[in-house]
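Asks: take a look and give me a structure for this.
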Amino acid sequence: MTRFCIYCGREDSPDNPVINGVCLECRIKRGELVILEKNELWIEFCKVCGSVKIGYKWIETKGFADAINHIVANIVPVITKPGPGVSNIQIDSYELVTSASWRTVVRVYFKGLYGSKEFKVPKDLVVYLKPTKCPRCKMIESGEFEAVLQIRDVNKRELEKHLEKLFSKDKRLARDLVDFIESSNGVDIYFYNHGAARKLARRLSSIMGLEYKENYEVAGMRSGKQRARLYISLKPSAESH
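Replies: Residues are numbered from 1 along each chain as shown. Model (predicted):
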């Protein structure tokens, strides 16, 4: 049986398929192919270092435009739903309608399939960056952390898998964790005490075959005694390169 569009009356065809009584062109006109659960996003942005909060993580950025890039790549897919008859939906590209700033209009281009016909449509949303201070900048300002585990030049997916397993097995590690900050070439993990940082570092070093190094930095006085902050470095050994 031939299918017709209930809005324009056109007949089903390979270039303009009719699904659930509506043709592709009418879906495009009605804005029904891609559904955004939110048209505005409010995202925390550190006014000191430029890090942006994606989920539970703070990620270093090079500024507003780079922050928008992370938001489009990581948050927009989560709030995107396919419309009726749509499959294989994904972000194709995006552009800034206004200059990247505390308030930015972003036009995201989505592609997908309506039946078996590929389409590409734009959707606009407004990204608001909420000025705040990230945990790292607050910690540096207050000096309330005792140890930093700096992990560099490793496979981030593999690292996250091991971290998830180690933290879920050892609740004391999770209790002593202050924050987890992702950067372009690794992660910094902040702890309230030296012992937790050493424990995690040694386990990761053993599991991933990473070189372990410790350094101390004077961080003021506490109860009349000099306070030393521990920095642990984990990275692939020279032999592994």
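
Asks: C-alpha only now, for contacts and for neighbours.
Replies: Noted.

Asks: residues in contact with stretch 1-11?
Replies: In this structure, residues lying in contact with stretch 1-11 by C-alpha atoms under 8 Å, 6 or more residues apart in numbering are 12, 18, 21-23, 26.

Asks: just the ones of these in strands?
Replies: Judged by DSSP state E, those include 18, 22-23 as members of strands.

Asks: okay if I get those residues as CSV plus pLDDT?
Replies: Below are these laid out as CSV (pLDDT from 0 to 100):
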residue, pLDDT
Val18, 96
Val22, 97
Cys23, 97
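
Asks: please identify which of the residues you listed is nearest to Thr98.
Replies: Cys23 (32.8 Å; C-alpha to C-alpha).

Asks: the closest one: how many residues sit nearby?
Replies: 25 (other C-alpha atoms under 10 Å).

Asks: just the one 5 residues further on next, same as before
Replies: When neighbours are defined as other C-alpha under 10 Å, Ile28 has 15 of them.

Asks: look at it and report its pLDDT.
Replies: Looking at Ile28, its pLDDT is 96.

Asks: tell me who's in contact with it.
Replies: Val121.

Asks: before we move on, the earlier item: can you redo the contacts of stretch 1-11 as JSON lines with distance to Asn155?
Replies: Shown next, in JSON lines, are the contacts of stretch 1-11 (distance: C-alpha to C-alpha, whole Å):
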{"residue": "Asp12", "distance to Asn155": "48"}
{"residue": "Val18", "distance to Asn155": "45"}
{"residue": "Gly21", "distance to Asn155": "48"}
{"residue": "Val22", "distance to Asn155": "46"}
{"residue": "Cys23", "distance to Asn155": "45"}
{"residue": "Cys26", "distance to Asn155": "45"}
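
Asks: can you list the domains in this protein?
Replies: 34-132, 143-240 (automatic domain parsing).

Asks: adding mean pLDDT and distance to Phe4, write those domains out as a markdown table.
Replies: Output for those, formatted as a markdown table (pLDDT from 0 to 100; distance: least, C-alpha to C-alpha, whole Å):
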| stretch | mean pLDDT | distance to Phe4 |
| --- | --- | --- |
| domain 34-132 | 96 | 15 |
| domain 143-240 | 87 | 48 |
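
Asks: format those domains as JSON lines; extra columns: distance to Thr2 and mean neighbour count.
Replies: Output for the domains of the chain, formatted as JSON lines (distance: least, C-alpha to C-alpha, whole Å; neighbours: other C-alpha atoms under 10 Å):
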{"stretch": "domain 34-132", "distance to Thr2": "15", "mean neighbour count": "17"}
{"stretch": "domain 143-240", "distance to Thr2": "49", "mean neighbour count": "16"}
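
Asks: the residue nearest the centre of the chain and Ile140: what is the separation?
Replies: Nearest to the geometric centre of the chain sits Ile54, at 4.2 Å (C-alpha atoms, centre = their mean). Using C-alpha to C-alpha, to the nearest Å, Ile54 is found at 21 Å from Ile140.

Asks: and the longest strand along the chain, what does it pack against?
Replies: If each strand of the chain is counted by residues according to DSSP E, the longest one is strand 117-132. Other helices and strands packing on strand 117-132, by 3 or more C-alpha pairs under 8 Å, 6 or more residues apart in numbering; DSSP states H and E, are strand 40-46, strand 103-114.

Asks: give the buried residues for the helix or strand immediately after it in the chain.
Replies: Where DSSP states H and E defines the elements, the next helix or strand beyond strand 117-132 is helix 135-142. Using 16 or more other C-alpha atoms under 10 Å as the test for burial, helix 135-142 gives 135-137, 139.

Asks: which ones are touching the residue nearest to Asn74 when sequence neighbours are not counted?
Replies: Of all residues not flanking Asn74 in the chain, Ile54 sits nearest, at 7.3 Å (C-alpha to C-alpha, 6 or more residues apart in numbering). Counting by C-alpha under 8 Å, 6+ apart, Ile54 makes contact with 43, 70-71, 74-75.

Asks: perfect, I'm done here.
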